[in-house]
Every structure is written in C-alpha cells, then in structure tokens.
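# this one's structure only:
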C-alpha cells in the first residue's frame, strides 16, 4: 500500500496527474461550442515528434498586481498557437489567452531566441489561479499564482540580487597533474564561466520556503555577458528559477551584467526579450522595460535602471546617459504619483548599483546615484531601497539629505536599528548574496568606510574600459553588516494595521542560506514603520 501511495505522490510531483486537468479544460471549451474549441485547440506531442518544449516558464505582474499577470516562456525556434489556459486550482476553466512573440538575435552566437508572453487582465484580486502554457506539439507546462490583494491587506515579498547559475556550462581543456607535477596529458572538464555557484540554486529554494506573493530581483541576474555561451546561460538561469518564478512573479531591475555586447543598441535586448514588464511613459524601442512600476496592496514598487546614471564602466559597453534624462523625468513623476495616492503607504525602489557600501576593493558606491536619485528619494519620501551589485548583505540607517562634499555623503537621521520610522529617512538594503562565486562579505572596512566612484579615467587602450576614480569617506550611515556568510535573501512581511491612524509596518528578516534545499537561518530582523495614509 505504501509503495502505491509513494508512486502516486511521485507522479503528482512530476506533473503527470495534471494531464487530466488539460482534458477538463478542453472539455469546458467544448461546452462553449465547437467554434470556440476549434479556435484554441492545439496538437499535443506525438511519439517520435520533434517540437520545441515550453522552456523557462515564469510570470510577471502588470502595473496592477491585483488584476494583471503575464505568463512567459521561450524557445529556440518559432512555434504555432502559443497560448495559456487559465483556470482555478480545482481545475475549473476560465479562459484561453494567446501569447505574443518577442525575439532577439544574440550578438555573439547569432542564435535567435523567441519569447512568448500571454498578458492576462481582468483577474480577481487576492485569488489563486492555475494555468497551463503550451504551443503546437509541446507538452503543457503548469504553474500557479495568486493576484495581489486590493487596498490595505497583509502580504509578503522577498528580494535578492546577483545570482548567476549553479550549472557548469563551459567545456575547457586543462593540463593534468601526476604526482604533484604537470603532465603532458590533457583532459576536458566543465566549469562555470558566469560567476555562478551552487548557492545560486539554494537561494531560489530559500525564497520558495517563504512562498512570497512576489520576488524583487535587484539586477545581475545570470551574468550571461561573461559566459562563452550566453544563450545557454540564460537557459540555465531560467531552468533554475522556474521552480519559483512559474508560481510567483520575479520582478527584476537590470544590472550592469545584463548589458551584453551586440544585443541591441545598449546591450539589454536579451533582458528585454525574456521579460514583459509594465509599460512606462515615453519609453522607446531602445529603453522599453528598463524601468517600470507596479502596485501590490498598499505598496508601490518602482524599478529603475542605474546604468543610465552610474559613472562606473561595468557592463559590456559604457552607456551612462543613454535615456537623455527620460528615466529621471519618469521617475520623478512616478514618485510624485505614488505619494499623491492616498491608497499607497509604502514606496519601495528596486535597483542594482548602490549609493552605500562598506566593502573595500570591490565595486563601491556610485556618485551618479547620489547626484541623480537620492534627492528624489528625499523629496518624495521613499521608504526603502533594495539593491545588489555588492555581493554581501548590509543596510543603512535611515538617510535624508547629503553633506556638501565631493562624495555627497548621505546623512543619517537616526541610529536605531530595531524599529525605524521611514517618514524620517530612507533605508537602503544591499542584498547581493544571490549566489555568485565572488562574494564581498570578507572585504568590509573595519571600522566602516566607503569608497565612492566619483568619475572615470580615460578609456584603457588594452581592455577598452574606463578605470574608476575613487574617493574614500567615513560611513556613519552604516547600520548592520553580515561578514560571516555570503549568501542569502530578505523577506518582507507587510502589516497594514487595523484602523485609520494606526501605524503600518513591514517586518524585515534577512536570511542566510545555509545549504541545499534552501536551508535558511535568520541573521537579523527589524521593523519599518510609518503612519497609514488613509484618505
């Protein structure tokens, strides 16, 4: 009996049991009439057939997370009838949504990648859905999601940046060693050439242990620009993260390593193809999807693209200033709109490069962010900034204002580390322990100091890069740092309060990821609070 039960559980976990749901869904379409069934029917795989599978299944929220979701996947060849069958967890059928195609040609391999995005609107708030993504000849891939609640309701989200992949994707030849000495024999081995480590898989499962409503990914997703095979690296990234991203939106901001030479005018075409993110005013074919905002409950998340303002030359091409001020103009309007909305209590910015860091001999903080973004964060009272770029965890005291010196040192307004009033200042969290093989947690200045990139030198004729110019400053704004462990993520539990006039709070916990299967241990917890903004 136990053997039979175990087999059934295994089949269910493998998705075999969901085959019956697909039949139920098509039967439901049939009840609507033969014409409805004919317009949506696709041929399922036949033995011996060759068809592109549904790869890298993931979802994103639209601008209104209570009613809009995009289901996405990708292939290496064109497909027919890409669509999503939407239903409820009990298998009841809702509707079929056709997917739109995006594509890019990788500038290095000349391989064409096709992405399929099914935009689903009119969903019910705070509701669980089951879906199947499929196209002609492909086995359906299933996922679930929950829409955001409307208004002031509890919700949970997570965040990290700088992940890479846990896979070994590049084959190299190395000289063997015999009795401690190099030999003439050569052997082929696989390596990871995109700064990945096994922890890049552990952090994904750590997020899943918390089952958040959504995950904020603070840039430097898979470091494909460093890899010999960039397309394979993106495939490895999605194969790792679809375990979570098919069931909850992973909402990204672009990092410098999403800048891949030859992939569009400024290098972000792969990123822009794999994701379908909320539209933003005045974006162009070059800048679409690089910055956006969405609303979940009483939270407005604003994701921005820092390479537009950073001095550091850290991508495949130097693109500072590419939006010609369009992103900054949009950001100010988005922040003003968030603060004018009586239904929004929390304004959270997701970005990659940092305004604060106390790591020595790593990237450091960037003066461009302090010049362009921090005055806007102060003016409109941003509560929280989550970022990556530095491969460790640390956070600032609440910041408001800047010293009038060469580095525009942020001014901290409080030294409390347990309960923080964000109406007084913005808390910055560096959460760059997503899984790279180059952590920076052992590089902290002691006592805390900061290296700030204030300019770049002339282009190096050898490697073509602009060397950063650093100025050091004291860092009284530094609150908490984690030197002991490199990898982890943050969880955020929002409590809206019960009545007008109450405080609304976010309990923040940073988790060290300590082993396989997402094993995690809390490093610290603290509370962000502010008054509810009831109309």
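Sure thing, it's come through. Predicted model, so just to flag it, every value in this text is computed and none were measured.
# what comes up buried for stretch 479-486?
By 16 or more other C-beta atoms under 10 Å, the buried positions in stretch 479-486 come out as 479, 481-482, 485-486. Bear in mind the C-beta positions are built from the backbone N, C-alpha and C, glycine included.
# where do the helices sit along the stretch 351-500 of the chain?
Here the stretch 351-500 of the chain has its helices, by DSSP state H, counting those that start in this stretch, at 367-372, 374-379.
# and those helices: which comes nearest residue 89?
Checking these against residue 89 by C-beta to C-beta gives helix 374-379 as the closest, at 40.0 Å.
# hmm, what's the outermost residue in the protein?
residue 179 (46.5 Å; C-alpha atoms, centre = their mean).
# show me the contact partners of the helix or strand where residue 526 lies.
Secondary structure assigned from DSSP states H and E places residue 526 in strand 519-531. Contact partners of strand 519-531, identified using C-beta atoms under 8 Å, 6 or more residues apart in numbering, comprise 202, 206, 209, 345-346, 383-384, 393, 417-423, 427, 480, 482, 485, 488, 501-514.
# how about the contacts made by the residue nearest to residue 52 when sequence neighbours are not counted?
Counting by C-beta to C-beta, 6 or more residues apart in numbering, residue 75 is the residue found nearest to residue 52 once chain neighbours are left out, at 3.9 Å. Contact partners of residue 75, counting by C-beta under 8 Å, 6+ apart, are 52-55, 113-114, 116, 135.
# among these, which ones are buried?
Buried subset of the contacts of residue 75 (neighbour count, 16+ other C-beta under 10 Å): 52-55, 113-114, 116, 135.
# of these, closest to residue 240?
Using C-beta to C-beta, those come closest to residue 240 at residue 55, 12.2 Å.
# circling back: pull out the buried residues from the strand holding residue 526.
In terms of neighbour count (16+ other C-beta under 10 Å), strand 519-531 has its buried residues at 520, 523-524, 526-530.
# turn those residues into JSON lines, including pLDDT.
Output for the buried residues of strand 519-531, formatted as JSON lines (pLDDT from 0 to 100):
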{"residue": "520", "pLDDT": "97"}
{"residue": "523", "pLDDT": "98"}
{"residue": "524", "pLDDT": "98"}
{"residue": "526", "pLDDT": "98"}
{"residue": "527", "pLDDT": "98"}
{"residue": "528", "pLDDT": "98"}
{"residue": "529", "pLDDT": "98"}
{"residue": "530", "pLDDT": "97"}
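# neighbours of residue 186, just the number please.
Neighbours of residue 186 under the rule other C-beta atoms under 10 Å: 9.
# what's the nearest residue to the residue most central in space within the chain if we skip its chain neighbours?
With the centre of the chain defined as its mean C-alpha position, the nearest residue by C-alpha atoms, centre = their mean is residue 217, 2.2 Å away. Nearest residue to residue 217, sequence neighbours excluded (C-beta to C-beta, 6+ apart): residue 252, at 4.2 Å.
# got the end-to-end distance for stretch 273-288?
With C-alpha to C-alpha, to the nearest Å as the measure, the first residue of stretch 273-288 is 10 Å from its last.
# now it: buried residues?
Neighbour counts over stretch 273-288 (16+ other C-beta under 10 Å) mark 273-278, 280, 283, 287 as buried.
# so which of those residues comes closest to residue 194?
Closest approach between those and residue 194, by C-beta to C-beta: residue 274, at 15.4 Å.
# what is the neighbour count of the residue nearest to the closest one when sequence neighbours are not counted?
Spatial nearest neighbour of residue 274, chain neighbours left out: residue 115 (5.6 Å); criterion: C-beta to C-beta, 6+ apart. Residue 115: 23 surrounding residues under other C-beta under 10 Å.
# show the pLDDT at residue 115.
pLDDT for residue 115: 98.
# so it sits against residue 270, correct?
No. If you go by C-beta atoms under 8 Å, residue 115 and residue 270 don't touch, sitting 9.6 Å apart.
# need the strands for the stretch 1-150 of the chain, in chain order.
Per DSSP state E, counting those that start in this stretch, the stretch 1-150 of the chain carries strands over the ranges 55-61, 69-75, 83-87, 93-98, 100-105, 112-120, 128-134, 141-146.
# do a quick rundown of the helices in the stretch 101-250 of the chain.
Remark: helices assigned in the stretch 101-250 of the chain by DSSP H, counting those that start in this stretch are 199-210, 230-245.
# same list (those helices) but as a markdown table, adding mean neighbour count and distance to residue 83.
Shown next, in a markdown table, are the helices of the stretch 101-250 of the chain (neighbours: other C-beta atoms under 10 Å; distance: least, C-beta to C-beta, whole Å):
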| stretch | mean neighbour count | distance to residue 83 |
| --- | --- | --- |
| helix 199-210 | 23 | 27 |
| helix 230-245 | 22 | 18 |
